Every structure is written in C-alpha cells, then in structure tokens.
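Undergrad: My questions concern the predicted model and sequence given below.
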Amino acid sequence: MPSISRDEVAHLARLARLAVTDDELDLFAGQLDVILQSVATVGDIATADIPPTSHAVPLTNVFREDVVRPSLGQQQALAGAPAAEDGRFRVPRILGEEA
Amino acid sequence: MTDLIRSTAAELAAKIASREVSAVEVAQAHLDRIAEVDGAVNAFLHVDTEGALKAARKVDDDIAAGAHVGPLAGVPIALKDVLTTEGVPTTVGSKILEGWIPPYDATVTRRLKEAGVVVLGKTNMDEFAMGSSTENSAYGPTRNPWDLDRIPGGSGGGSAAALAAFEAPLSIGTDTGGSIRQPGAVTGTVGVKPTYGGVSRYGLVAFSSSLDQAGPCARTVLDAALLHEVIAGYDPMDSTSINAPVPPVVAAAREGANGDLSGVRVGVVTQFSGEGYQAGVLRSFEAAVAQLKQLGAEIVEVSCPSFDYALPAYYLIAPSEASSNLARFDAMRYGIRVGDDGTRSAEEVMSLTREAGFGPEVKRRIMIGTYALSSGYYDAYYGSAQKVRTLISRDFDAAFATVDVLVSPTTPTTAFPIGERTGDPMAMYKADLCTIPANLAGNAAMSVPSGLSDEDGLPVGLQIMAPALQDHRMYRVAAAYEVARDAALGATVISGVPQLAGAR
C-alpha cells in the first residue's frame, strides 16, 4: 500500500517550485495519499508484456522547408512580460549570494 | 429578439445570408442577453462587445457586397478561455495569467474569424481545464441555468452554460478527460470531442498535450457538425495534427436526421453501469438505447474490461503531462510575478508566484505528476498508466471490430450541487468515469441530451463513441436519436430550461 508523508509532499512542492504554506501541506498530504492509493490500481493489470502507449496517434518526425516566416516582434514578445528593460525580459538574480 | 437567441446556428446563418436579419442585430441580441443574465450565470470571463459588433458588421458588409460567405457567417460564438485570442484577454481561469493579452490567435480562433463566426467573448472554466464543475476557476463558479445552485460541469462549464442560458448558439470547448462532454450532459446541450489530432492545438494553452482536444458545443447535433467542419482540419503549426480530410460530419448529421439507423450496430458498454450511477441517469440511458433500437439499430452488449482502469490511468498521465507543461509558468515571460523585491532570487520569485497564481487543484495535480515521474516511482505509476492506455485502445479496437459505435451514459450523475464535491478530489474525479477512455485512446466521442432524469428533472447525456477519424458515424446516430427523442417528448430538451431572472 503506497502512502505519502507530509515531508514527502513538502519535497514535491519544492521540486515543483510551489512555496506552499503549512496549512496546505496538512491538507495536501491527506488528499495526495488518498489519490495516489487510488491510482496505484493501474499496477493490477499493467503486466510486463504490455507495451506502453505515450500517444494515441503514432508520432513521426515532421519536416518543413527552412524558410523565414513572420513571427512575433520584440515589442509583442515583451508585451506580456511581468518586467522588461532595454527591450529584454528583466528577471530577478539567478545566482545565490554565496556563488 | 427572443426568437434570435433561441434560434439554432443553422437558422441564424440562413437568415443572415438572406439578409432577413443582420449579423449586427444577431450579435446585439446575444450581447443584450449576456448583459441580462450573466450576472447570475457567470458563463463569461470577458465579453468583447466592440470586437463582436465589428466582426458582425464585416459579415453584413460582405453579404451586401455579394461576397460568398461560409455556412456559419455572422453566427455568434462563445470561446473557452483556454484558446488564445489576439488582443483579447486569455486567463485559462487562472490568476497566474490574469490580465494576459495574447499577441496571437489560436488556429481555432483564426478559423472561426476567417469563417465570419462572431466571437462574443471568453468563457469561464476550471483553472487550466482541471476539474469537472468549473468551481476551480479563479474567477468564481459558473452556475447551471437548469438550477443556479448546481454545477454546469467542467472544465468547460462556461461554454455549456452559455448555450443553455441562450447567451450564444455555439461555443468551443476543450476535452482532456471529458471537459466538453460532461458539461454538455449536465446542461442538456451537445458536446463533441473530435478524434485526437482532428482539431489543431496551436494556441490552446496546454494541460495534457497527448489528451487535449478542442471541439464544438451547440444546442443541436447539426449545429455542432457545422461548427466541427469550420474548426477541424490539418494544421502544420500542430505536430500532432492529422493530415487527412475532415470526416464528413455535416452530411452525416443531415443523413441521420432522416431517422433511419437500420444496419447500424450499437454496442452498450457493460462496464458503465451499476454502483455509483444515479438510477434516473440509467433509466434515461436505457430509454435512449430502446429509441436507437426503434430507429433500426442493432443493439449488442460489449465488455471493455480495461475501462475500469481508465480513471486511475488518466489521473496519472494527465497530471504528469501537466506538471511538465505548467513549468512554463515561471513568472519570467508572461503572467503575474510575485515577490520580486530586488533581494529574492529568480527561483524564490518563481515559487512565490506559482504559489500565489495556482489554485489548490492545479497544485495537487502538479505534485501528483511530479511524484509519478520521479525516479523510483516512474515504472509503478506513469509506466503502468501508459500500459493501461494500451489495454484501453485494445478494448476499443476489439469492440469496433464488431460494432459501429459504442454508447454509455456520459457521466454517472446529473448536475450536483455547488460545493458538494470540492473537499473530496476523488469524488470530483468520478464525474469523468465514462468519458476518459476516449481521451486515452484518442478516438471520437460526443454527448447528446437524452432527456431529463425522472427523479430530479435535470438533464442526462447519452455518450456516443466512434473509432478514430470516424467522427461522422456518431453524428449520424446522434442526429437520428435527436429527431426521435424530440418527437417522443413533443419538444426539444433545451426548451425545458427554466426562465432566468434578469441580472442581479
């Protein structure tokens, strides 16, 4: 029987970049445990001899001619950005203080 | 004006083309209706009055100039807020995209505009299309026009409620696990999930890319078919778009309306019955099957044993793909940004933004997906779910070797009260029990109203499933059934929607 602890949920939230609150951790730990136990039943029929399906339509690589086509201009691309500066996306620092 | 808002899309298009009524009058009648009732229904997140009237005026000008216009030119439509619209807000029902104005149109949007279909606005939905009730919208729930204290289904509750409230004759939904069909069922409207790859996903904000499919919603089968042919077809901008002719769904709907289904083999899926199914839903379904038999169809029972595992497989595959797709909401290129005070790192800002921008269901699914894809758990969860997907496709293949279409109830119950399942995710997920297999296998499926449940007077949906690229088969069956159903009832199902009070 799978089960998931509060600490594991906190770890998942970190991996998923979600700054969840303590109250949320309490709530989610219980809910995720119920959901994961329920969905684990897929293992009941998924035997080794069955090939996995990732996609309903068989995928093949699609090629096109390498020609220049219209695309978003700089202003359009930046129009929805939370912050822009000098025609670029402005982002918070990406390195830690100790780096 | 009441006549205009209660007309079918086909009737409106004919009247506009013959200049009996102008596209502007039709658009204005629907905009007035939205202003009157949407305070109570909350089907729309954004109404584009100016854009709609401008598009309608263009259709009127074209017709006056003698130009050839498409079969739905001038007919208004409500667009689910998951498809991008250039210059018009697109939020996906999420705070994280609040105020975002896309710089481009989705292919579906573009095709609608090119066909002269008039976009009235954007409809409410569960955040990122994750939900079965539209209660997960960050902008408040949509209410079911049949009973304002009940859910309109989800995720496309806004698109379905807009039809049932006569705010629009057509709408677009997207269906990842039933988000077109289940709202159709609980609002007494028609909802179609085309074959995966039949309608372009370009400009559709991704939830689960291998399952997401946009499709038509309407109040009649023919209207859905007319809309289907406008939005479907190969698109080089979507690598999973099918490069094949669009199935002849309009011809099939017209053929079906003749009311003869002799020679058609209909399979009843035996798995979709029994515990958890509302008695009135099953009685409505059985009556619908009897009706199909009267129309000449041959009815057989078909067992699809793997369908019992579709729900767990879906709730692994969809969250896994979602956890990856939603990584793009990183507070850097679009959407909101929270906590950027000059001291915090990009990673801290990202985590704070996602925490503030996503609602609880989205967070749950991201974490489940993250878990299912983790090394050590991958084989047991995601890998097993992909194998179940294979088994479900095999069940469909075996079934369609002996029958032309499969039928089942669309969803196990009628519309449930708002708030009833919000605290219990698994109870909410069960609304998708019957619709998920067609998403996993990628074949076509639709919901058509089968009347009202005798115990609560609320709409029930009949699900019809067809093989991939055989979408026309289900349209033929649905159209024949619709004619027989209305003849038996002496009225359309949708005419039973109670009068809505004016805006509060």
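TA: All right, it came through fine.
Undergrad: What does the one residue in the stretch 351-500 of chain B that gets nearest to chain A show for phi and psi?
TA: Across the stretch 351-500 of chain B, the shortest distance to chain A (Cβ to the nearest Cβ) belongs to B:Gly442, at 2.4 Å. In short, each C-beta sits where N, CA and C put it, glycine included. With angles defined as degrees, to the nearest 10, B:Gly442 sits at phi 90, psi 0.
Undergrad: pretty sure it contacts B:Pro194?
TA: No. The criterion here is Cβ atoms under 8 Å, and B:Gly442 misses it with B:Pro194 at 10.1 Å.
Undergrad: For the stretch 101-250 of chain B, which segments are assigned as strands?
TA: With strands called from DSSP state E, counting those that start in this stretch, the stretch 101-250 of chain B shows them at B:118-123, B:170-174, B:190-193, B:214-218.
Undergrad: ignore the last one, chain A
TA: A:84-85, A:88-89 (DSSP state E).
Undergrad: Relative to the last one, what are the paired strands and their orientations?
TA: Under the criterion DSSP bridges, strand A:88-89 sits next to strand A:84-85 (antiparallel) in its sheet.
Undergrad: what's in contact with the strand it pairs with?
TA: By Cβ atoms under 8 Å, 6 or more residues apart in numbering or on different chains, the residues outside strand A:84-85 that reach it are A:78, A:90.
Undergrad: is it possible to export the strands of the stretch 101-250 of chain B to JSON lines including mean pLDDT, distance to chain A and mean neighbour count?
TA: Formatted as JSON lines, the strands of the stretch 101-250 of chain B follow (pLDDT from 0 to 100; distance: least, Cβ to the nearest Cβ, whole Å; neighbours: other Cβ atoms under 10 Å in any protein chain shown):
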{"stretch": "strand B:118-123", "mean pLDDT": "98", "distance to chain A": "16", "mean neighbour count": "29"}
{"stretch": "strand B:170-174", "mean pLDDT": "98", "distance to chain A": "16", "mean neighbour count": "29"}
{"stretch": "strand B:190-193", "mean pLDDT": "98", "distance to chain A": "12", "mean neighbour count": "34"}
{"stretch": "strand B:214-218", "mean pLDDT": "98", "distance to chain A": "15", "mean neighbour count": "29"}
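Undergrad: Nearest residue to the middle of the chain?
TA: Answering for chain A, as no chain was given. In chain A, the residue lying closest to the centroid (Cα atoms, centre = their mean) is A:Ala16, at 6.6 Å.
Undergrad: ah, I was thinking of chain B
TA: For chain B, by Cα atoms, centre = their mean, the most central residue is B:Ile180; offset 2.0 Å.
Undergrad: Please name the nearest non-neighbouring residue to B:Gly74.
TA: Setting aside the residues directly before and after it, B:Gly74 is nearest to B:Ala23 in space (Cβ to Cβ, 6 or more residues apart in numbering or on different chains), at 3.2 Å.
Undergrad: so what's B:Thr49 closest to, chain neighbours aside?
TA: Nearest to B:Thr49 is B:Leu31, by Cβ to Cβ, 6+ apart, at 5.7 Å.
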